[in-house]
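**Q** next comes the sequence, and after it the predicted model I'd like to discuss.
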Amino acid sequence: MEENPNLSRRSVLGGLGATLATAAVAPAILTEPAEAAPTAPAELQNPVTKYPRPPFKSQSQPWPGLAGQMDPRPDHGETSYKGSGRLAGRRALITGGDSGMGRAAAIAYAREGADVAINYLPAEEPDAREVIALIKAAGRKAVAIPGDIRDEAFCQRLVAEAVRGLGGLDIVVSNAGRQQSHASILDITTEQFDWTMKTNIYAPFWIIKAALPHLQPGSVIIGTTSEQAYDPSPDLYDYAQTKAATMNYVKSLAKQLAPKGIRVNGVAPGPIWTPLQVSGGSTQENLQKFGEKTPMGRPGQPAELGSIYVQLAASDASFATGQVYGSAGGSGQP
Ligand code: NAD
Ligand code: MG
């Protein structure tokens with residue numbers, strides 16, 4: 001019987017392919033134990049006792065406040081965050097990247113392999129310098145862009161400078177925020193109300209509009225909302241409604257941009273120990289017992305949220321869009 005040359009050739013190639021596949025896979029399987037990350041067990045930590053608990057010392061700083069002058073100093077993951085290449089080669093712009101959640105995200109992003117541009121106010125230069133040094137220490141490019149995001153022209157310049165400095169843009173973290181406690185709506189002037197709206201609602205609108213033409217499929221936008229979006233405090237009349245607006249734009253924009261392959265998500269922190277709270281965001285009375293009402297009985301530290309910003313930006317979270325991830329010590333939503 002005449003042999004079919006094609007069939008025979010295919011079987012030979014198939015056989016060869018199988019052999020090659022085995023050859024390629026086998027060494028990986030054999031060497032895996034040797035190449036795996038060090039497996040020294042990480043110490044199990046009780047989250048209840050891991051960080052400072054109230055009562056806290058009464059303290060107040062002129063707005064916008066510095067993390068470096070808080071007592072105790074907040075933990076942004078400076079000595080603890082370990083990266084594993086999850087954002088290798090990404091280029092991120094983070095507003096409010098000098099302190100608080102923005103700083104925790106900046107440190108985590110750099111250690112995950114991303115180049116990072118941070119925006120902050122000129123008065124925050126001492127905090128910002130520390131973050132720039134930490135990004136560089138992670139071996140990544142750091143771009144410092146101080147300026148006031150209440151100005152549309154500055155927001156456009158901010159994005160342009162980030163794109164120029166980083167050589168493009170894949171991650172936009174719209175995190176900067178203004179929070180001032182007022183016991184009564186009667187205490188909020190039109191100027192104060194406008195300040196909160198400009199910072200928390202207009203600036204993300206201007207920054208996202210300027211960034212969008214630069215974002216390729218696979219890029220992400222992350223907004224910092226709050227538990228205040230769902231359960232507003234009586235003294236945060238203006239601030240809380242901006243956080244509801246943030247939660248809402250995340251969901252609307254996620255639907256709008258999903259077909260373009262751009263994901264939009266939010267992070268909703270509970271009470272977190274940051275300069276915003278000691279520079280008018282909380283009353284002295286609330287500050288001394290800050291975080292006491294959470295089931296954990298303490299406030300969160302920015303470091304405890306860094307990995308959430310990483311998770312939402314990482315490409316393996318590709319089906320997560322229009323989501324809000326919370327971190328609030330047992331209370332709060334979502
Ligand atoms: P933070 O003070 O460390 O960060 C806020 C940052 O906003 C400042 O560092 C500043 O750089 C920036 N900012 C404010 N006004 C600005 C302006 N006009 N121009 C440029 N930058 C400006 O405090 P944080 O708590 O880390 O705040 C980050 C985000 O987290 C905010 O959106 C805040 O609403 C949100 N949040 C905070 C808490 C909390 O308990 N700390 C809870 C929920 C949500
Ligand atoms: Mg700051």
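**A** That came through, no problem. Residues are numbered from 1 along each chain as shown. Ligands and ions are numbered 1, 2, ... in the order given.
**Q** so does stretch 293-307 get close to ligand 2?
**A** No: applying CB under 5 Å from the ion, one finds stretch 293-307 separated from ligand 2 by no less than 10.6 Å. Where C-beta positions appear, they are placed from N, C-alpha and C, glycine not excepted.
**Q** with stretch 140-148 instead?
**A** No: applying CB under 5 Å from the ion, one finds stretch 140-148 separated from ligand 2 by no less than 11.1 Å.
**Q** do that stretch and ligand 1 meet?
**A** Yes: counting by CB under 6 Å from any ligand atom, contacts between stretch 140-148 and ligand 1 involve residue 148.
**Q** in that stretch, which residues are buried?
**A** By 16 or more other CB atoms under 10 Å, the buried positions in stretch 140-148 come out as 140, 142, 143, 144, 145, 146, 147.
**Q** in the stretch 201-334 of the chain, which spans are strands?
**A** 220-224, 263-269, 324-327 (DSSP state E, counting those that start in this stretch).
**Q** so for ligand 2, which of these sits nearest?
**A** Smallest distance to ligand 2 across the strands of the stretch 201-334 of the chain (CB to the ion): 12.8 Å, for strand 220-224.
**Q** quickly find the element holding residue 136.
**A** helix 125-137 (DSSP states H and E).
**Q** residue 85 is in contact with residue 314, correct?
**A** No: between residue 314 and residue 85 there is no contact under CB atoms under 8 Å: 10.1 Å.
**Q** which neighbours do the two share?
**A** residue 112 (CB atoms under 8 Å, 6 or more residues apart in numbering).
**Q** more neighbours: these two, which one.
**A** Neighbour totals were compared for residue 314 and residue 85, and residue 314 leads with 17 against 9 (other CB atoms under 10 Å).
**Q** how much space is there between residue 301 and residue 60?
**A** Residue 301 is 20 Å from residue 60, where distance means CB to CB, to the nearest Å.
**Q** looking at the two, which is more packed in?
**A** residue 301 (23 against 12).
**Q** what parts of this protein come near ligand 1?
**A** Proximity of the chain to ligand 1, by CB under 6 Å from any ligand atom, involves residues 64-65, 96, 98-102, 119-121, 124, 148-150, 175-179, 199, 224, 226, 269, 271-272, 274-277.
**Q** of those residues, buried ones?
**A** 64-65, 96, 98-102, 119-121, 124, 149-150, 175-179, 199, 224, 226, 269, 271-272, 274-277.
**Q** can you name the residues bridging to the nearest residue to residue 253 once chain neighbours are set aside?
**A** With sequence-adjacent residues excluded and distances taken as CB to CB, 6 or more residues apart in numbering, residue 253 is closest to residue 264, at 4.5 Å. Beta bridges link residue 264 to residue 221, judged by DSSP bridges.
**Q** tell me who's in contact with whatever residue of the chain ends up closest to ligand 2.
**A** Nearest to ligand 2 in the chain, going by CB to the ion, is residue 99, at a distance of 3.2 Å. Applying CB under 8 Å, 6+ apart to residue 99 gives the contacts 65, 66, 67, 74, 76, 120, 124, 127, 274, 275, 302.
**Q** 7 Å instead, please
**A** 67, 124, 127, 274, 275 (CB atoms under 7 Å, 6 or more residues apart in numbering).
**Q** pipe those into TSV and attach pLDDT and distance to residue 285 per row.
**A** Output for the contacts of residue 99, formatted as TSV (pLDDT from 0 to 100; distance: CB to CB, whole Å):
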residue	pLDDT	distance to residue 285
67	98	22
124	98	26
127	98	26
274	98	18
275	98	19
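**Q** re earlier: just the residues contacting the next helix or strand after the helix holding residue 136, thanks.
**A** Next helix or strand after helix 125-137 toward the C-terminus (DSSP H and E): strand 142-146. With CB under 7 Å, 6+ apart as the test, strand 142-146 has contacts from 116-122, 125, 128, 132, 135-136, 158, 161-162, 165-166.
**Q** what about burial for those, which qualify?
**A** 116-121, 128, 132, 135, 158, 161-162, 165-166.
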